[in-house]
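A.B. asks: Give me the fold of what follows.
(2 chains)
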There are 2 protein chains.
Amino acid sequence: PLPSSAPVRAPFVSFQERAKLATNPTANKLFQLMASKKTNLAVAVDLTVKQEILDLAEKIGSEICVLKTHVDIVQDYDQQFIKDLQAIAAKHNFLIFEDRKFADIGNTVKYQFENGVYEISKWADMVTIHGVAGPAIIDGFRESIKTTGAGLLLLAQMSSKGSMCVGEYTNQMVEMGKSNQDAVMGFICQERLSAMSDNFVLMTPGVQFNSAGDSMGQQYNTPEYVIKEKNTDVIIVGRGIYKSSNPKEEAIKYRTASWSAYESKQ
Amino acid sequence: PLPSSAPVRAPFVSFQERAKLATNPTANKLFQLMASKKTNLAVAVDLTVKQEILDLAEKIGSEICVLKTHVDIVQDYDQQFIKDLQAIAAKHNFLIFEDRKFADIGNTVKYQFENGVYEISKWADMVTIHGVAGPAIIDGFRESIKTTGAGLLLLAQMSSKGSMCVGEYTNQMVEMGKSNQDAVMGFICQERLSAMSDNFVLMTPGVQFNSAGDSMGQQYNTPEYVIKEKNTDVIIVGRGIYKSSNPKEEAIKYRTASWSAYESKQ
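C.D. replies: Residues are numbered from 1 along each chain as shown, chains lettered A, B, ... in the order given. Below is the predicted model:
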């Protein structure tokens, strides 16, 4: 393995300090938000009815730093939904993360990001991209995010079984991020690698207290394991919260666990 | 390089014969359609206004086997657009290919395929998927395509500069396709590799007579080179046709060139 693929227990640098090191405006904003609100919990809301998403956002908004959406699974999507979600985000102080996993060539993703029914560039604070088509994908976003300051999150590792996002692929993604750190705010990853510098936000999906997987290859880790052992910054919890009968209570549990894990690294 | 990564000049097998070998219903349908209509031209229509797409489809429909869309860039998308496009497809006998490049875990792509504003599963004859999240992505489609017979096209190689879809990644994609050949109808690739068996349709994007690239990393090949030298089945032409002032005339040129190249392999 190349040096960049080695997991590291880097010297602790607080979110306050990392806000100053951030090279992308949304990375700066998110580090500041986490430090002041004392939460490094992101919630993935994979619901298909807009009112259910808004209700959940209202319930858990006070506990989270980021709400992750897949707008393309929302059956009754309209522009009012985005306005309502933005109002809840402003009220509770969290960022909106559209997990689109853009994965085409630069010319196509430009249209997918800016145009169409969703006009994602107009409202998402951050979006995910796969670097599988090569680094020029980032050029498809550059013009738009120069205006808005939005951040790109590069998929460097995935938690699903048999993922190709491993080894040399991961190393290439880290290098792609470092070569474009004005646009790339951080990585979606399972662990902090030595080449991932402090300016990047590291977000880890597939987190659940109950760590059994699903029937479609998803595998889970606990908050403590991810933040403390794997040394990333933000946990992304999905079904553990949005499928719970008491999402607020669960969100508080996850928030407490992941924030304690962060503080214990000092 | 592993054996499967070696390009091959396989013995010629006609589209008629390959229809019989096809393991996915849409692969069967497309091989038959190409043989009877005598065209192996697919056109990528990256326009953002529905009427412009419909007008183009009407103009070039008689020349093509497949029309490739990105519905998520269409500004005024609605269900009537799909109905109108399907009527044109039925009239001119071509298939509809939504180039969504699904790239998430199985549980998420299931919702992205079946739900949301687009309900892609209800109308697309075929869709692209990236295997980057691992083979379980295919499970997200299985239930739906069992009913409709739609086909998945696995991204095995990409034409853009610095793509990660090369080498061992490509080999893994071919293996993933072969292990799921009920669902996977073929590959998006730049060349036929020895492991790509005759049941799969091989489609190659990035084709243009004028082979200069764009400013965002796209690189082009000619129809003859792709079909004859690289031994794939279908050319996908985008800007060379939809940006032309006379798309019908250009479509005829591309159709003639790619069909002649196919026939010359007999």
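A.B. asks: Helices of chain A, residue ranges please.
C.D. replies: Under the criterion DSSP state H, chain A contains helices at A:15-21, A:25-37, A:50-60, A:79-92, A:106-114, A:139-148, A:167-178, A:223-224, A:239-242, A:247-263.
A.B. asks: which parts of the last one are buried?
C.D. replies: By neighbour count, and taking 16 or more other C-beta atoms under 10 Å in any protein chain shown as the criterion, the buried residues in helix A:247-263 are A:247-248, A:250-255, A:257-259, A:261-262. Where C-beta positions appear, they are placed from N, C-alpha and C, glycine not excepted.
A.B. asks: Name the nearest of those relative to residue B:118.
C.D. replies: Closest approach to residue B:118 among these (C-beta to C-beta): residue A:247, at 27.6 Å.
A.B. asks: any idea how far residue A:208 is from the closest one?
C.D. replies: Distance, residue A:247 to residue A:208, using C-beta to C-beta, to the nearest Å: 13 Å.
A.B. asks: Check the buried residues of helix A:247-263 one by one and keep those near chain B.
C.D. replies: Applying C-beta under 8 Å from any C-beta of the partner chain to the buried residues of helix A:247-263, one finds that nothing falls near chain B.
A.B. asks: Please dump the residues you listed into TSV; it should also carry pLDDT for every row.
C.D. replies: Below are those laid out as TSV (pLDDT from 0 to 100):
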residue	pLDDT
A:247	98
A:248	98
A:250	97
A:251	98
A:252	98
A:253	98
A:254	98
A:255	98
A:257	97
A:258	98
A:259	98
A:261	97
A:262	98
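A.B. asks: Can I get those in TSV including distance to residue B:96?
C.D. replies: Output for those, formatted as TSV (distance: C-beta to C-beta, whole Å):
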residue	distance to residue B:96
A:247	39
A:248	44
A:250	42
A:251	42
A:252	47
A:253	46
A:254	42
A:255	45
A:257	47
A:258	44
A:259	49
A:261	48
A:262	48
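A.B. asks: What degree of burial does residue A:65 show, as a neighbour count?
C.D. replies: By other C-beta atoms under 10 Å in any protein chain shown, the residues close to residue A:65 number 28.
A.B. asks: whoops, residue A:246 was the one
C.D. replies: 11.
A.B. asks: what do you get for residue A:80?
C.D. replies: Residue A:80: 10 surrounding residues under other C-beta under 10 Å.
A.B. asks: ok, now residue A:190?
C.D. replies: 24.
A.B. asks: Beta-bridge partners for the closest residue to residue A:89 other than its chain neighbours, please?
C.D. replies: Among residues not flanking residue A:89 along the chain, residue A:96 sits closest, at 5.5 Å (C-beta to C-beta, 6 or more residues apart in numbering or on different chains). Taking DSSP bridges as the rule, residue A:96 bridges to residue A:67.
A.B. asks: Count the neighbours of residue A:96 for me.
C.D. replies: Neighbour tally, residue A:96, other C-beta under 10 Å: 21.
A.B. asks: Next: residue A:147.
C.D. replies: Residue A:147: 8 neighbours (other C-beta under 10 Å).
A.B. asks: From chain B, how far out is it?
C.D. replies: Noted for residue A:147: a distance of 18 Å to chain B, by C-beta to the nearest C-beta, to the nearest Å.
A.B. asks: ok, now residue A:123?
C.D. replies: Computed with C-beta to the nearest C-beta, the distance linking residue A:123 and chain B is 15 Å.
A.B. asks: Tell me where the stretch 151-266 of chain A is predicted with low confidence.
C.D. replies: For the stretch 151-266 of chain A, the stretches with pLDDT under 70 are A:211-213.
A.B. asks: For it, what lies in contact range of chain B?
C.D. replies: By the rule C-beta under 8 Å from any C-beta, the part of the stretch 151-266 of chain A lying against chain B is A:155, A:158-165, A:169, A:172, A:214-218.
A.B. asks: Mark which of those are buried, thanks.
C.D. replies: Buried among those by 16+ other C-beta under 10 Å: A:155, A:158-161, A:163-165, A:169, A:172, A:216-218.
A.B. asks: For those, name the two members farthest from one another.
C.D. replies: A:172 and A:216 (26.5 Å).
A.B. asks: Centroid-nearest residue for chain A?
C.D. replies: Geometric centre of chain A, nearest residue: residue A:203, 5.1 Å, by C-alpha atoms, centre = their mean.
A.B. asks: and it, bridged to which residues?
C.D. replies: Beta-bridge partners recorded for residue A:203 (DSSP bridges): residue A:188, residue A:234.
A.B. asks: Would you confirm that it contacts residue A:151?
C.D. replies: No - judged on C-beta atoms under 8 Å, residue A:203 makes no contact with residue A:151 at a distance of 10.8 Å.
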